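S.K.: Need coordinates for the following:
(4 chains)
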Number of protein chains: 2
Amino acid sequence: MAETRELTKNQALVFGVLSKADGPLSAYSMLDQLREHGFRAPLQVYRALEKLVEFGLVHRLESINSFVACTHPHDHSHGLIAFAICETCGAVDEFSDEIVEQRLTGWSRNNNFQLAKTTIEMRGVCANCSSA
Amino acid sequence: MAETRELTKNQALVFGVLSKADGPLSAYSMLDQLREHGFRAPLQVYRALEKLVEFGLVHRLESINSFVACTHPHDHSHGLIAFAICETCGAVDEFSDEIVEQRLTGWSRNNNFQLAKTTIEMRGVCANCSSA
DNA sequence: ACCTATAATGTAATAACATAACGATCAGGA
DNA sequence: TCCTGATCGTTATGTTATTACATTATAGGT
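M.R.: Numbers count the residues shown, from 1 in each chain, chains lettered A, B, ... in the order given. Model (predicted):
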């Protein structure tokens, strides 16, 4: 069981918006949704996101400049996470793969590369969209 | 042996800048370098880059909003390419891994995800920088 | 309660990255 | 020649992210 973390007001607002969304959101779209709650500037969103990512509650999707609430916020076991992003509906699937992780950490070890962070993002069309 | 492709003037200029660089460059830094050659607008760079990426001569690094000349422009065998990006010196190492590719295409098949493009980018500190 | 250090916030301005829209130009094939 | 498709030039605009600086809130020690 992961400990519950106390979020600040802004962090809670941003996390709330992201959690209610059914897919990734850009920082600016979150800002728009939060204007009625007093948000005025991008930095209010970016600062909250920075912390939420740090806490492991939110992931940043580099390839689409967006953010998504973590699907498995209580599972701290996975070191590396891969994402499958549907280019049609925007849905994001999040998964871990031990083998992939081993291969990449192996490469890093062999090449004396001090690995800090790995991004794996697959883009394509999800099952729902391709069957429709 | 890969066929040699005829690049247009702008494509050749952009590719030249990127090839001479010892690491990734942003579109705007290329634009700055090409102003003396008559470039005036970002689109001139972005349009050339789009083609160069399509030709397989250039890769886009999503996590750092930059572009890098392909290290193995004549090797069309690799389907998936991973990058190791040094956060200290900016150097980029490019490699392929069959196993990783199999795992990710396997996941896609199992989940009926029609995979179009995969991004794998590792950030950390390269051998040179960590020994220094 | 009071001080203090740290974290979080508010705000304005600007930097950095990327594309839309439109028209002109150029090259190759019918 | 005429058509067609790709490329190019240019302006404007859209989108994403950060710098800088002042202020406020919070937790911990005394």
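S.K.: was I right about A:Gly90 contacting A:Ala21?
M.R.: No. Assessed by Cβ atoms under 8 Å, A:Gly90 is found out of contact with A:Ala21, at 9.4 Å. For the C-beta atoms, the positions are set from N, CA and C on the backbone; glycine is no exception.
S.K.: Excluding its own residues, what touches whichever strand in chain A runs longest? List them.
M.R.: In chain A, ranked by residue count with DSSP state E as the criterion, the top strand is strand A:114-125. For strand A:114-125, contacts defined as Cβ atoms under 8 Å, 6 or more residues apart in numbering or on different chains pick out A:61-64, A:80-88, A:100, A:104-105, A:108, B:62-63, B:84, B:87, B:104, B:108, B:113-126, B:130.
S.K.: residues of whichever strand or helix holds A:Gly106 that come out buried?
M.R.: Per DSSP states H and E: A:Gly106 is located in helix A:98-110. The neighbour-count check on helix A:98-110 (16 or more other Cβ atoms under 10 Å in any protein chain shown) flags A:100-101, A:103-105, A:107-108 as buried.
S.K.: Which of those sits closest to DNA strand D?
M.R.: Using Cβ to the nearest atom of the strand, A:Leu104 is the member of the buried residues of helix A:98-110 that lies nearest DNA strand D, at 23.1 Å.
S.K.: Can you check the pLDDT for the closest one?
M.R.: Looking at A:Leu104, its pLDDT reads 98.
S.K.: any idea of the pLDDT on the spatially most central residue of chain A?
M.R.: For chain A, the residue nearest the mean C-alpha position is A:His59 (1.6 Å; Cα atoms, centre = their mean). On pLDDT, A:His59 comes in at 97.
S.K.: and A:Glu50, what element?
M.R.: Here A:Glu50 is assigned to helix A:42-55, by DSSP H and E.
S.K.: Can you tell me the strand partners of the helix or strand that that helix is followed by and which way each runs?
M.R.: On the C-terminal side of helix A:42-55, the closest following helix or strand by DSSP H and E is strand A:58-61. Paired strands of strand A:58-61, with direction, are strand A:66-69 (antiparallel) (DSSP bridges).
S.K.: Check which helices and strands the very next helix or strand once past the strand it pairs with is in contact with.
M.R.: Note on strand A:66-69: by DSSP H and E, the next helix or strand toward the C-terminus is strand A:82-86. Of the remaining helices and strands, those touching strand A:82-86 by 3 or more Cβ pairs under 8 Å, 6 or more residues apart in numbering or on different chains; DSSP states H and E are strand A:58-61, strand A:92-95, strand A:114-125, helix B:98-110.
S.K.: Including distance to A:Thr8, could these go into a markdown table?
M.R.: Formatted as a markdown table, the helices and strands packed on strand A:82-86 follow (distance: least, Cβ to Cβ, whole Å):
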| stretch | distance to A:Thr8 |
| --- | --- |
| strand A:58-61 | 14 |
| strand A:92-95 | 25 |
| strand A:114-125 | 24 |
| helix B:98-110 | 36 |
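S.K.: Would you mind listing what in chain A touches DNA strand C?
M.R.: Neighbours of DNA strand C within chain A, by Cβ under 7 Å from any atom of the strand: A:8-11, A:38-44, A:47-48, A:51.
S.K.: Repeat the analysis, applying 6 Å as the threshold.
M.R.: By Cβ under 6 Å from any atom of the strand, the residues of chain A that approach DNA strand C are A:8-11, A:38, A:40-44, A:47-48, A:51.
S.K.: now, which of these sits nearest B:Asp32?
M.R.: The shortest approach to B:Asp32 among the residues of chain A next to DNA strand C belongs to A:Pro42, at 25.7 Å (Cβ to Cβ).
S.K.: Mind splitting chain A into its structural domains?
M.R.: For chain A, the structural domains run A:9-69, A:82-126, going by automatic domain parsing.
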